[in-house]
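K.L.:
Need coordinates for the following:
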Amino acid sequence: MAQIVIALGSNLDNPHHQLKTAKVFLENLSESPVLKSDIYESEPIGPSEFDFLNAVLLIESILTPSKLLNELKAQESKQGRPSRYPKWTARPLDMDIISFGNTIVKTDELTIPHSQYSQRLFVLLPLQDVLPNWVDPITKTSIQKLIESAPSMSITKSNLVW
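P.N.:
Residues are numbered from 1 along each chain as shown. Presented below is the predicted three-dimensional model:
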């Protein structure tokens with residue numbers, strides 16, 4: 001059973017509710033209790049005009065990476081995300097597989113570890129909340145070093161709770 005890091009983001013349709021609904025979905029999918037980061041508020045990357053709420057959840061699953069991806073995409077759709085949308089625009093929910101144990105995947109549909117996670121403080125800071133000693137399985141870089149080298153952005157811990 002793999003320990004899986006899922007990043008969540010939302011900036012439309014009551015983002016706090018969107019994250020809480022996604023958390024319940026992931027709790028039902030997980031084979032063990034889910035570890036949750038704090039919720040963060042970050043500026044958008046790209047053309048979106050609304051700030052995002054972001055978090056990371058740690059789950060355990062017997063699903064394969066591709067089956068998990070299908071489950072996540074189905075839940076995003078259920079929560080109002082269109083199947084096609086312009087990159088970096090506002091959305092009700094975005095769920096990305098950041099890591100899947102020590103599994104490395106590179107296909108047209110899926111890359112694990114996520115190809116851009118190391119450039120996103122809105123993933124790295126919540127990831128550090130749940131796995132403070134996490135190390136990238138490819139580069140062997142610690143979460144602290146990744147945070148130090150990530151591009152700067154406006155991001156703060158929210159006072160919102162799960």
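K.L.:
And the pLDDT for residue 124?
P.N.:
You'll see residue 124 listed with a pLDDT of 98.
K.L.:
Also the one 10 residues further on?
P.N.:
For residue 134, the pLDDT comes out at 96.
K.L.:
now do residue 144
P.N.:
Residue 144 is given a pLDDT of 98.
K.L.:
ok, residue 31 touching residue 3?
P.N.:
No: between residue 31 and residue 3 there is no contact under C-beta atoms under 8 Å: 10.2 Å. Backbone N, C-alpha and C define where each C-beta goes, glycine included.
K.L.:
So if I had to pick from the two, which one is more boxed in?
P.N.:
The residue with more neighbours, out of residue 31 and residue 3, is residue 3; 15 against 11, by other C-beta atoms under 10 Å.
K.L.:
And that one, how far from residue 62?
P.N.:
12 Å (C-beta to C-beta, to the nearest Å).
K.L.:
so where do the helices sit in the protein?
P.N.:
15-29, 65-78, 121-130, 143-149 (DSSP state H).
K.L.:
Are there helices or strands packed against the second one, and which ones?
P.N.:
For helix 65-78, the contact count by 3 or more C-beta pairs under 8 Å, 6 or more residues apart in numbering; DSSP states H and E identifies helix 15-29, strand 94-100 as packing neighbours.
K.L.:
With the third one instead?
P.N.:
Packing contacts for helix 121-130, counted by 3+ C-beta pairs under 8 Å, 6+ apart, involve strand 2-10, strand 40-42, strand 52-61, strand 94-100, helix 143-149, strand 155-157.
K.L.:
so can I have TSV of the ones you listed showing distance to residue 69?
P.N.:
Compiled in TSV, the helices and strands packed on helix 121-130 are given as follows (distance: least, C-beta to C-beta, whole Å):
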stretch	distance to residue 69
strand 2-10	11
strand 40-42	23
strand 52-61	12
strand 94-100	6
helix 143-149	23
strand 155-157	26
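K.L.:
Any idea which of those gets closest to residue 76?
P.N.:
strand 94-100 (5.9 Å; C-beta to C-beta).
K.L.:
what's the angle between that closest one and helix 121-130?
P.N.:
Angle of strand 94-100 versus helix 121-130, following axes from the mean of the first three to the mean of the last three C-alpha atoms, to 10 degrees, is 50 degrees.
K.L.:
Please state the offset of strand 94-100 from the chain centre?
P.N.:
Chain-centre distance of strand 94-100: 5 Å, with C-alpha atoms, centre = their mean, to the nearest Å.
K.L.:
Check which residues of that strand are buried.
P.N.:
Within strand 94-100, the residues that qualify as buried are 94, 95, 96, 97, 98, 99, 100, counting by 16 or more other C-beta atoms under 10 Å.
K.L.:
Alright, I will stop here.
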